[in-house]
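**Student:** Take this sequence and fold it.
(4 chains)
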2 protein chains.
Amino acid sequence: MTIGDAAKASGVNAKLIRYYESIGLIPEAGRTAAGYRVYSSSDVNVLRFVKRARTLGFSIERIQILVGLWQDRSRSSAEVKRVALDHVTELEAKIAELRAMSDTLKHLAHACHGDERPDCPILRDLEEGGGSCCHEPQP
Amino acid sequence: MTIGDAAKASGVNAKLIRYYESIGLIPEAGRTAAGYRVYSSSDVNVLRFVKRARTLGFSIERIQILVGLWQDRSRSSAEVKRVALDHVTELEAKIAELRAMSDTLKHLAHACHGDERPDCPILRDLEEGGGSCCHEPQP
DNA sequence: CTTGACCTTCCAGTCATTGGAAGCTTTATC
DNA sequence: GATAAAGCTTCCAATGACTGGAAGGTCAAG
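**Tutor:** Residues are numbered from 1 along each chain as shown, chains lettered A, B, ... in the order given. As a prediction, this is how the structure comes out:
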């Protein structure tokens, strides 16, 4: 299998496969006499594993660990679970951050007439640093 | 005011102020005879505006537009609202994406014993590409 | 023998910063 | 006035995870 075949079979594009090899996420592929990379179906399995892990938002660094655990027959499921739950913690933190941004903006946009007049609570918030809002208690 | 003073007053660090200038987000600052950048309190207001907008997750590109609208007395609030709601749309899309990842992982982690044994549904999912899950209908 | 579809490497760019190095200027202290 | 520390300047490089392009080698079909 050439890199193009491996790309089709795994769903990871050829450019990305080379990149993964260059950063050491996957081992160096074998080569033909002409220097073309050669892949086996087990290499494709690794690529699929990586692809699925990326789909779930794992960083390359954590995927390195997961691939290591996957290959390690004496792993404990506790180790895998810990890596997964660390990632969940980060995802939840990011979600909370984006949620707060979105809610604030939706609130401001709701208060904005959205007509031809220049007056706008969104700009007022940005100007004032968001410190004072209609719903906050006045000290 | 020097760049350090402006940094303290705006909460945007000096390095970042120079970067914002270099990409044209803020106008070029005036200079002293020795070449030091000089800032006024209105420059600081712009920096504070930018900082607040970044806190709300706006891209630099959109902040350019927002600053433009802010400075434009003949703007319509509709324009501002549209920029804000476009951003909300993107935030919600990103949240949904992360939510899906997190939920999938929580589900898999829940099904994982997390003990010393190697058997692990998380690795099984990564191996199989997440296509088959206990709760999905069997064709 | 040529065309076109592959493959190779290397370099550059993305986004929004952050860090460091090397070299000025200003301010404070002695 | 000398000196040291703090702050300013520019430029270059790195981050994460890709993506794109240029320049050139290789392979199978017509």
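**Student:** List the contacts of A:Gly11.
**Tutor:** Contacts for A:Gly11 (C-beta atoms under 8 Å, 6 or more residues apart in numbering or on different chains) come out as A:47-48, A:51. For every residue, glycine as well, the C-beta is placed using N, CA and C.
**Student:** where in chain A is pLDDT low?
**Tutor:** By pLDDT under 70, the weakly predicted segments of chain A are A:131-139.
**Student:** and the gap between the residue of it found nearest DNA strand C and A:Ile60?
**Tutor:** Residue of chain A nearest DNA strand C, by C-beta to the nearest atom of the strand: A:Gly4 (2.4 Å). As for A:Gly4, its distance to A:Ile60 is 23 Å (criterion: C-beta to C-beta, to the nearest Å).
**Student:** from what I can see A:Arg18 touches A:Ile3, true?
**Tutor:** Yes: proximity of A:Arg18 to A:Ile3 meets the contact threshold set by C-beta atoms under 8 Å, at 7.2 Å.
**Student:** Same drill for those two, tell me which one is more crowded.
**Tutor:** Between A:Arg18 and A:Ile3, counting by other C-beta atoms under 10 Å in any protein chain shown, A:Ile3 is the more crowded of the two (19 against 13).
**Student:** I'd say that one and A:Gly35 touch.
**Tutor:** No: when contacts are counted by C-beta under 8 Å, A:Ile3 is not listed as touching A:Gly35 (11.4 Å).
**Student:** Up against DNA strand C, what does chain A have?
**Tutor:** By C-beta under 7 Å from any atom of the strand, the residues of chain A that approach DNA strand C are A:2-5, A:7, A:14, A:18, A:29, A:35-37.
**Student:** filter the residues you listed to the buried ones?
**Tutor:** Buried by 16 or more other C-beta atoms under 10 Å in any protein chain shown: A:3, A:7, A:29, A:37, out of the residues of chain A next to DNA strand C.
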